[in-house]
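> This is a predicted model, with the sequence first.
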Amino acid sequence: MDGGRVPEPLVLADQGFFWVGVERQQQPYGLLAGGQMFVGYQIPAKRSHALPVVMVHGGGGQGLDYLGTPDGRPGWATFFLRRGYAVYVVDRTALGRSPYHPDINGPLGRPPGYEFMRDRFVAPELSPESYPQARLHTQWPGGTDIGDPVLDQFMAGQGPSMADLARVHADMRRCAAALLDRIGPAVLITHSAGGPFGWLAADERPALVRGIVAVEPQGPAFAETPGGALSWGLTAVPLLFDPPASAPEELGRKLLRAPSPDLQDCWVQSEPARQLPNLRHVPVAVVTAEASWKAQQDHGTVDFLRQAGVPAEHIRLAEHGVHGNGHMMMIERNSDDVAALVADWIERSTAAV
């Protein structure tokens, strides 16, 4: 709502869903469909932007991270629909509405607990010693105590991810290419562990990715994660580099000192750095919240991209007057303010693309 005014009804020209990336896998008990990614879409009757947006969730989340907030407000999908965009929201392989079975997808990691999620996403300000920016967090839309209904709604949608990061990224690449082949050119909005989806999609279909908004993407470069390392810089599976690299070990590394004391030192390539030719003409924005732990790290992802010839901008929300957000900015109290900033960047950066 705007000043208490009820918005006009949202009128759609079309909506529906489909699956991409289906692989047939033979098991002892039959031929199965596996590896698929769910895609739900809505197209507004008053469409004012030719390029659709594809929204890709993070870690153990689901596409519902963009559909609504745990306190019951419309999510980013509705914001962009009202702004005149066709919107595609995915559930990545083995998450949300994309079925999981260990025979097809392999083992899962552990599901996230209340304590971990509260410290990382919900109320980092209660543990200000964890990182310097934590004390700035103010935008969680509910309570922080166990039993709070908003917290329960948030936790109900969180689950474990596949344990093998390389397998996760291989699924991303395959499904991203299949989705773009079906819908054509698009802008990708990715979040957190969904961030590699954007780099892999642009590497696989450079002509069809017209922009990437990477909201606190997985990283920084060469980071170790519970499922494996980002051994290819920003991904756990190969990207096309120039000069070519046949193994991750061929990517030399050097530690770049942090530009200020409250940031982390991050790895980039040693010089001369290999380039990412398929991302060279793709506008990229890395969006970082003021009070997230990623505020310490995202500069490292931007440095890696720029060094590899990618035109990456770093949008720190606080520098645009948007304060108090954590990692889950798309569901926090001021989610529409963040969405507006993202939409403005897309319209400015893709006008001539």
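Nice, thanks for sending it over.
> Which residue ranges of the stretch 101-250 of the chain form helices?
102-105, 114-117, 149-156, 165-183, 195-204 (DSSP state H, counting those that start in this stretch).
> Name the residues that touch the first one?
Under the contact criterion CB atoms under 8 Å, 6 or more residues apart in numbering, helix 102-105 has outside partners Gln25, Gln27, Leu32, Gly34, Gly35, Thr93, Ala94, Leu108, Met162, Arg167. C-beta: built from backbone N, CA, C; applies to glycine.
> Tell me the predicted confidence for the fifth one.
In this prediction, Gly35 carries a pLDDT score of 96.
> which of the helices of the stretch 101-250 of the chain is buried the deepest?
Each of those was scored by mean neighbour count; the highest is helix 195-204, a mean of 27, by mean count of other CB atoms under 10 Å.
> And that helix, what does it pack against?
Helices and strands touching helix 195-204, by 3 or more CB pairs under 8 Å, 6 or more residues apart in numbering; DSSP states H and E, are helix 165-183, strand 186-191, strand 209-215.
> again, 10 Å this time
Where contact means 3 or more CB pairs under 10 Å, 6 or more residues apart in numbering; DSSP states H and E, helix 195-204 is packed against strand 53-56, helix 165-183, strand 186-191, strand 209-215, strand 284-288, helix 298-307.
> how about these in CSV, adding mean pLDDT and distance to Glu125?
CSV is the format used below for those (pLDDT from 0 to 100; distance: least, CB to CB, whole Å):
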stretch, mean pLDDT, distance to Glu125
strand 53-56, 98, 27
helix 165-183, 98, 30
strand 186-191, 98, 21
strand 209-215, 98, 20
strand 284-288, 98, 17
helix 298-307, 98, 20
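> closest to Thr138 out of the ones you listed?
Comparing the helices and strands packed on helix 195-204 by their distance to Thr138 (CB to CB), the top pick is strand 284-288, with 16.3 Å.
> now that closest one, how far from the chain's geometric center?
Offset of strand 284-288 from its chain centre (CA atoms, centre = their mean, to the nearest Å): 10 Å.
> so Gly300 touches Gln269, yeah?
No. Under the criterion of CB atoms under 10 Å, Gly300 is not in contact with Gln269, lying 11.8 Å apart.
> Quick check: neighbours shared by the two?
Ala221, Phe222, Leu256 (CB atoms under 10 Å, 6 or more residues apart in numbering).
> Format these as a markdown table; extra columns: distance to Glu250 and pLDDT.
A markdown table is the format used below for the shared contacts of Gly300 and Gln269 (distance: CB to CB, whole Å; pLDDT from 0 to 100):
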| residue | distance to Glu250 | pLDDT |
| --- | --- | --- |
| Ala221 | 15 | 98 |
| Phe222 | 13 | 98 |
| Leu256 | 19 | 96 |
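> Redo those as JSON lines? Include distance to Gly233.
As requested, these are arranged in JSON lines below (distance: CB to CB, whole Å):
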{"residue": "Ala221", "distance to Gly233": "5"}
{"residue": "Phe222", "distance to Gly233": "6"}
{"residue": "Leu256", "distance to Gly233": "13"}
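> Which of the residues you listed ranks first by neighbour count?
Of all the shared contacts of Gly300 and Gln269, the highest neighbour tally under other CB atoms under 10 Å goes to Ala221, namely 25 neighbours.
> Distance-wise, check that residue relative to Ser161.
Per CB to CB, to the nearest Å, Ala221 is found 20 Å from Ser161.
> With respect to Val215, which of the contacts of helix 102-105 is nearest?
Proximity of these to Val215, judged by CB to CB, is greatest for Thr93, which lies at 19.9 Å.
> So the closest one sits against Pro99, correct?
Yes. Using CB under 10 Å, Thr93 is in contact with Pro99, at 9.3 Å.
> More neighbours: these two, which one.
It is Thr93, of Thr93 and Pro99, that has more neighbours when counted by other CB under 10 Å, with 27 against 17.
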